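**Q** here is my input, please return the structure:
(one chain, ligands or ions: 1)
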Amino acid sequence: MTSLLKLEHISMCFDGKKSLLGERKEVQALSDVNLEIKPGEIVALVGESGCGKTTLGKVITGLHRPSKGRMYFEGKDISGMNASELKRYRSSVQLVQQDSYAALNPARTIYHSLSAPILHHNKVKGSKAAKAKVRELLETVGLAPADLYLDKYPHQLSGGQRQRVLLARAISLEPKIIVADEPVSMVDVSMRLSILNLMAELNRNMGIAFVYITHDLATAKYIAQSGKMAVVYLGRIVEFGKVKELLSEPKHPYLQALLTAVPVPDPVVAKRLKVLPLRSFEMPNVEDPPHGCGFHPRCPYANVRCETHLPALDDYAGVSVACHHVKDVPVWSLNS
Ligand SMILES: Nc1ncnc2c1ncn2[C@@H]1O[C@H](COP(=O)(O)OP(=O)(O)OP(=O)(O)O)[C@@H](O)[C@H]1O
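**A** Okay, the predicted model is just below:
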């Protein structure tokens, strides 16, 4: 299957904060990221805060122009697109953000927020057709009867309802990919599952591919159960493959550490699990990242080679892993 979106050697550098001495260091938010998203696929991007997930999401949606690398949408290099191709790419790749309150204009009704993009992109003509379309969109995302919501303002809805409105706005432009950046982290816990189920439904029924950004492995496992996962550490993908394989037998010590940090409800299973003895719990400073493998200051398996040589993301046992010790790291399994 041809790729819908392909990222080749993407790097993103920001200017860091000024130090007391007036120096400004660079923040390498993404380094040499390669990623392919196929039509209808769900890819979860997981990693700790500050590892570059949001930056990657913004690069994918065209909100950030990468400092290096190329990105292809349906085989075409985005940097060489003409205005109409760029317009099509932008409406085909939609972003749903974490903070639904900030993402909606507080002074606009739900009808206004949803009708503006479809009218602007000529998806419908005239206010009668726009109203019918907005009703249909609201019902698709489970806000029914739609008439109850049309004249409401964002503050009159719950976090879960606002997140549904954002999903309605995203699908209104008939996208091929939705980048959902921590879409449930600000939603009440009791509502999270229903939002994840809604995204799974949109994926199944409309064939929309999802890039699901999260620091929460449990929700990544739930939404992308038959999809793929990219584990991001200090701006690099350190493990990539099918979710089932990554979570049942993680290869990279970082993913092993993330999994051992997830509380297991069954105390018998929890007792059996070996906790990876990390050398440090601190994330390295992004303005002064370690040489060699970025994980080596925390990794219990690190040796001199890890301190000096950056490991490549190579195929190993059906997944891609960036670790010099992939063959020697003990197999870690939830069933072990
Ligand atoms: N516009 C910017 N200017 C300067 N630095 C930035 C900018 N955006 C992001 N960064 C830095 O890039 C790094 C990656 O940030 P990013 O928001 O992508 O991480 P993240 O994994 O999404 O974290 P979180 O889960 O906390 O949102 C961080 O060190 C951040 O401070």
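**Q** measure Thr109 to the ligand for me?
**A** To the ligand, Thr109 is 30 Å away according to Cβ to the nearest ligand atom, to the nearest Å. In this view, the C-beta of every residue, glycine as well, is placed from N, C-alpha and C.
**Q** pretty sure that residue contacts Tyr153?
**A** Yes: Thr109 is in contact with Tyr153 according to Cβ atoms under 8 Å; the separation is 6.1 Å.
**Q** just the pLDDT at Leu334, thanks.
**A** On the pLDDT scale, Leu334 is placed at 58.
**Q** touching stretch 93-103 from outside, list them.
**A** Stretch 93-103 is contacted from outside by 5, 57-58, 60-63, 73, 154-155, 159, 162-163, 165-167, 169-171, 173, 175-183, 185-186, using Cβ atoms under 8 Å, 6 or more residues apart in numbering.
**Q** from start to finish, how long is it in a straight line?
**A** 16 Å (Cα to Cα, to the nearest Å).
**Q** as a whole number, average confidence for it?
**A** 91.
**Q** off-centre distance for that stretch?
**A** Counting by Cα atoms, centre = their mean, to the nearest Å, stretch 93-103 is centred 12 Å from the centre of its parent chain.
**Q** any part of that stretch near the ligand?
**A** No: using Cβ under 6 Å from any ligand atom, we find that stretch 93-103 stays clear of the ligand, coming within 7.8 Å at best.
**Q** most centrally placed residue in the protein?
**A** By Cα atoms, centre = their mean, the chain has its centre lying nearest to Ile213, at 2.3 Å.
**Q** wait, it touches Val184, no?
**A** No: with contact defined as Cβ under 8 Å, Ile213 does not reach Val184; the gap is 11.0 Å.
**Q** once you drop chain neighbours, what's closest to Ala116?
**A** Leaving out its chain neighbours, the residue that sits closest to Ala116 by Cβ to Cβ, 6 or more residues apart in numbering is Arg108, at 7.8 Å.
**Q** unless I misread the structure, the residue nearest to the centre of the chain falls within a strand.
**A** Yes: according to DSSP: H, G, I helix; E, B strand; the rest coil, Ile213 belongs to a strand.
**Q** just to revisit the earlier point, what about the residue nearest to Ala116, distance to Val165?
**A** 11 Å (Cβ to Cβ, to the nearest Å).
**Q** ok, the residue nearest to Ala116 touching Asp151?
**A** No: assessed by Cβ under 8 Å, Arg108 is found out of contact with Asp151, at 10.9 Å.
**Q** tell me which of these two has more neighbours.
**A** Arg108 (14 against 11; other Cβ atoms under 10 Å).
**Q** hang on, the more buried one in a strand?
**A** No: assessed with three-state DSSP, Arg108 is coil; it does not lie in a strand.
**Q** closest point of the stretch 201-336 of the chain to the ligand, which residue?
**A** Nearest residue of the stretch 201-336 of the chain to the ligand: Val286, at 4.1 Å (Cβ to the nearest ligand atom).
**Q** give me the pLDDT for that residue.
**A** 80.
**Q** from Ala257, how far off is it?
**A** Val286 is 19 Å from Ala257, by Cβ to Cβ.
**Q** helix/strand/coil for the nearest residue to Ser115 once chain neighbours are set aside?
**A** Nearest residue to Ser115, sequence neighbours excluded (Cβ to Cβ, 6+ apart): Ala130, at 4.3 Å. Under three-state DSSP, the three-state class of Ala130 is helix.
**Q** isn't Ala130 right up against Val124?
**A** Yes: under the criterion of Cβ under 8 Å, Ala130 makes contact with Val124 at 5.1 Å.
**Q** mutual contacts of the two, please.
**A** Ile118.
**Q** so what's Lys68 up against?
**A** Contacts for Lys68 were tallied using Cβ under 8 Å, 6+ apart; they are 9-11.
**Q** tell me where the stretch 101-250 of the chain has helices.
**A** Ranges of helices within the stretch 101-250 of the chain are 110-120, 127-140, 159-171, 189-206, 217-223, 243-248, based on DSSP state H, counting those that start in this stretch.
**Q** got JSON lines for these, with mean pLDDT and mean neighbour count too?
**A** Below are the helices of the stretch 101-250 of the chain laid out as JSON lines (pLDDT from 0 to 100; neighbours: other Cβ atoms under 10 Å):
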{"stretch": "helix 110-120", "mean pLDDT": "95", "mean neighbour count": "19"}
{"stretch": "helix 127-140", "mean pLDDT": "96", "mean neighbour count": "17"}
{"stretch": "helix 159-171", "mean pLDDT": "94", "mean neighbour count": "23"}
{"stretch": "helix 189-206", "mean pLDDT": "92", "mean neighbour count": "16"}
{"stretch": "helix 217-223", "mean pLDDT": "91", "mean neighbour count": "20"}
{"stretch": "helix 243-248", "mean pLDDT": "91", "mean neighbour count": "19"}
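**Q** right, I'll call it a day here.
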